[in-house]
Every structure is written in C-alpha cells, then in structure tokens.
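Visitor: Quick one: sequence plus predicted model below, questions after.
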Amino acid sequence: QVQLVESGGGLVQAGGSLSLSCAVSGRTWSSYALGWFRQAPGKEREFVAVISRSDSSTAYADSVKGRFTISSDNAKNTVYLQMNSLRPEDTAVYSCAVGPVPSHQVHAYGLWGQGTQVTVSS
C-alpha cells in the first residue's frame, strides 16, 4: 500500500523560506507524478507544483513561479518543495499527492498525504 507523508511545515515571517518533504512509501510505480497542492481556510484546494518521476519535468502555478522549486530524490522516493520569498497569502495546508501523469487538476490525483500547515506572518 502506498503512503505519502509530508513534513517540514511551520511558521515563518514574510520573506522567509521553508522546505517541505513528501516521502512516498510502499509499492510504487515506475512512472508517476507527484504534485503539491494547498488549501487556505475558506478556499478551495489549489495546485502549487508538480514533478514527473519519469523525466523530472516540472510545472508551477503562476502564483509561486520563481519562488518555489519542486525537486525529487528518486533513490529516496522523496519529493521536496523549497519555498522562498514566502508571503502571507501562501499560508495554507500543503498536501502532496500521487497521480499517473502530471496535472494541475485535483481530481487527477488518487492518493493524498495528510497535509502540513504552513503559516506566513506579515
């Protein structure tokens, strides 16, 4: 059974940085995509970034482009989200998810982690 476990959330001041990790355990596939999504209170879950395990191609939401970087360590089955220049509007619960192909759509992902809180103070 595949499981996703996020870590690395916390409280940071605006302009600061945080790094999130998503460890994928259990039987995995040779090719899959791992996405990061976030959900702020009262808002819908939104796409943040995605990386393809097969070719390491990446995609980002416009709101985080240039500030966030997604990367993977395939040997460790772990995906990272480095978040720089954080803003108060980045405050949300961040979750990683696994899907068959890279997508910006929530419904394209069938397995989700429990989420980790990121809070950016002004």
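Guide: Here it is on my side, so go on.

Visitor: Just list the residues touching residue 45, thanks.
Guide: Counting by CB atoms under 8 Å, 6 or more residues apart in numbering, residue 45 touches 37-39, 95, 106. No exception for glycine: its C-beta is placed from N, CA and C like everyone else's.

Visitor: From residue 17, how far off is it?
Guide: Distance of residue 45 to residue 17, computed by CB to CB, to the nearest Å: 23 Å.

Visitor: middle-most residue in the chain, spatially?
Guide: Among the residues of the chain, residue 36 comes closest to the average C-alpha position under CA atoms, centre = their mean, at 2.4 Å.

Visitor: Among the contacts of residue 45, which lie within helices?
Guide: Of those, none are assigned to helices by DSSP state H.

Visitor: does residue 73 have beta-bridge partners, and which?
Guide: residue 78 (DSSP bridges).

Visitor: hang on, I meant residue 39
Guide: Beta-bridge partners, per DSSP bridges, of residue 39: residue 93.

Visitor: Pick out whichever of the contacts of residue 45 sits closest to residue 12.
Guide: Using CB to CB, residue 38 is the member of these that lies nearest residue 12, at 14.5 Å.

Visitor: quick one, what contacts the residue lying closest to the closest one once chain neighbours are set aside?
Guide: Closest residue to residue 38 apart from its sequence neighbours, by CB to CB, 6 or more residues apart in numbering: residue 92 at 3.8 Å. Counting by CB under 8 Å, 6+ apart, residue 92 touches 38-40, 43, 117-118.
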